[in-house]
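Asker: Pasting the sequence and the predicted model now:
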Amino acid sequence: MRQVTPPSSEASQCPATRSGVTVYSVAVSESVCVTAAVRIEHSRLRAYLNAPVEPASAWSPAEWAGVTGGQEDRDELPAAIAECDSWLDGDHADVLLDLVQDGLLLRYDEATAALVVEFESRADFRLPTLLWACTVLRGMAACMADGDRGVVTVTTDWRDDSVMMELTPGGSRFLAPGARAEARSWEIDVQAEAEDADPDEIINRLID
């Protein structure tokens with residue numbers, strides 16, 4: 001299994017340079033929690049699982065603007081994208097299977113195409129880990145077709161507000177607070193339809 005989850009602080013650094021001084025955003029013992037509610041037909045879900053993970057740099061800094069919490073985050077964004085890219089390898093199935101040992105929850109109902117994914121990851125470096133959490137699922141949009149949709153919510157220990165990302169066929173966007181009520185309602189409906197199952201069994205069945 002490839003190493004695809006964020007490394008510990010002993011193995012990685014996330015530098016941001018300002019006025020000739022390198023600053024490291026180290027946040028030991030913090031975490032990110034990710035929940036995703038998606039409606040995607042099983043053949044397209046299989047295509048997503050078998051597709052290589054796109055690097056965070058596949059999206060421009062402007063397309064990542066929805067995750068930045070202030071000027072400090074915006075200053076660190078280019079370095080954080082590069083750091084996130086250094087963690088990513090393999091396909092999406094590799095990433096999710098690697099997360100099973102950390103308590104990944106995955107539910108899927110083929111009849112309704114309702115998928116729910118939940119996982120938590122340690123965040124030694126705040127912004128790179130936040131980008132990584134979004135990147136793991138952001139690539140699903142490329143495999144979607146009409147009628148498919150996803151809502152990804154990322155909650156962190158260090159921010160008062162969560163990051164909410166919408167996936168639609170061929171694209172993704174971060175939702176402003178005023179656009180989240182309908183997305184939350186839709187998310188609850190999808191979560192109610194998804195069936196409990198063993199994550200290993202679901203992933204391995206879909207990639208075979």
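Answerer: Noted; the coordinates are in hand.
Asker: just for the chain, where's the confidence low?
Answerer: Confidence mapping of the chain against pLDDT under 70 gives the ranges 1-28, 197, 208.
Asker: in the longest strand along it, what's buried?
Answerer: The longest strand of the chain (DSSP state E) is strand 26-39. Using 16 or more other C-beta atoms under 10 Å as the test for burial, strand 26-39 gives 27, 32-39. Where you see a C-beta, it was placed from the backbone N, CA and C, and this is true even at glycine.
Asker: Which other helices and strands does that strand contact?
Answerer: Contact here means 3 or more C-beta pairs under 8 Å, 6 or more residues apart in numbering; DSSP states H and E; on that basis strand 26-39 packs against strand 114-125, helix 126-138, strand 149-156, helix 180-193.
Asker: The first one: partners in the sheet, and parallel or antiparallel?
Answerer: Sheet pairing of strand 114-125 (DSSP bridges) gives strand 26-39 (antiparallel), strand 105-109 (antiparallel).
Asker: picking that back up, reformat the buried residues of strand 26-39 into CSV and put distance to residue 53 next to each item.
Answerer: Shown next, in CSV, are the buried residues of strand 26-39 (distance: C-beta to C-beta, whole Å):
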residue, distance to residue 53
27, 23
32, 17
33, 20
34, 15
35, 19
36, 15
37, 21
38, 16
39, 21
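Asker: okay, among these, which ones form the most distant pair?
Answerer: 27 and 39 (33.4 Å; C-beta to C-beta).
Asker: tell me the angle the helix of greatest length in the chain makes with helix 126-138.
Answerer: Longest helix of the chain, by residue count under DSSP state H: helix 71-87. Comparing the axes of helix 71-87 and helix 126-138 via axes from the mean of the first three to the mean of the last three C-alpha atoms, to 10 degrees yields an angle of 60 degrees.
Asker: That concludes my questions; thank you for your assistance.
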